[in-house]
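**Student:** Okay, predicted coordinates and the sequence, questions at the end:
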Amino acid sequence: MDIKKYEAMAKLDLSEEERQLISNRVDSFIDGFSALEGIDTSGVEPLVTVLDFQNVLRDDIVKKTITREELLSNAPDKYDGYFRVPKTID
């Protein structure tokens with residue numbers, strides 16, 4: 001496999017020896033995955049997780065939250081429904 005295109009995309013400057021080493025490794029990966037293509041997976045459900053969990057989410061229960069007025073009641077300075085803080089950037 002010629003990796004010069006990938007080398008340029010990654011902005012690498014590899015020696016010819018490094019290119020050859022990486023090329024050999026990539027070729028072995030490709031050969032390994034090619035062996036998987038021969039396996040018949042028809043009728044096999046896709047597996048998302050090996051764990052036997054279903055959605056473990058809590059119920060979405062609406063509950064009373066604090067109002068804006070209650071939130072701002074202890075603010076040292078407020079304006080138009082918002083906290084007013086000292087300017088930090090000139």
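**Tutor:** Thanks, I have it.
**Student:** What's the end-to-end length of stretch 50-66?
**Tutor:** End-to-end distance of stretch 50-66 (CA to CA, to the nearest Å): 41 Å.
**Student:** what does stretch 45-59 give?
**Tutor:** 29 Å.
**Student:** likewise stretch 52-69?
**Tutor:** Start-to-end span of stretch 52-69 (CA to CA) is 46 Å.
**Student:** looking only at pLDDT, what's the mean for that stretch?
**Tutor:** Computed over stretch 52-69, the mean pLDDT rounds to 85.
**Student:** and the longest helix along the chain, which residues are buried?
**Tutor:** The longest helix of the chain (DSSP state H) is helix 16-36. Under the neighbour-count criterion of 16 or more other CB atoms under 10 Å, helix 16-36 has 19, 22 buried. For every residue, glycine as well, the C-beta is placed using N, CA and C.
**Student:** Tell me which other helices or strands that helix touches.
**Tutor:** If you count contacts as 3 or more CB pairs under 8 Å, 6 or more residues apart in numbering; DSSP states H and E, helix 16-36 packs onto no helix or strand.
**Student:** Off-centre distance for it?
**Tutor:** How far helix 16-36 lies from its chain's middle: 26 Å, per CA atoms, centre = their mean, to the nearest Å.
**Student:** could you give the mean pLDDT of it?
**Tutor:** The predicted model gives helix 16-36 an average pLDDT of 91.
**Student:** Tell me which residues are up against it.
**Tutor:** Applying CB atoms under 8 Å, 6 or more residues apart in numbering, the contact partners of helix 16-36 are 1, 2, 3, 4, 7, 14.
**Student:** Take the residues you listed and lay them out in a markdown table including neighbour count.
**Tutor:** Listed next are the contacts of helix 16-36 as a markdown table, based on neighbours: other CB atoms under 10 Å:
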| residue | neighbour count |
| --- | --- |
| 1 | 13 |
| 2 | 8 |
| 3 | 19 |
| 4 | 11 |
| 7 | 15 |
| 14 | 15 |
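**Student:** which one of those residues sits closest to residue 88?
**Tutor:** residue 7 (45.1 Å; CB to CB).
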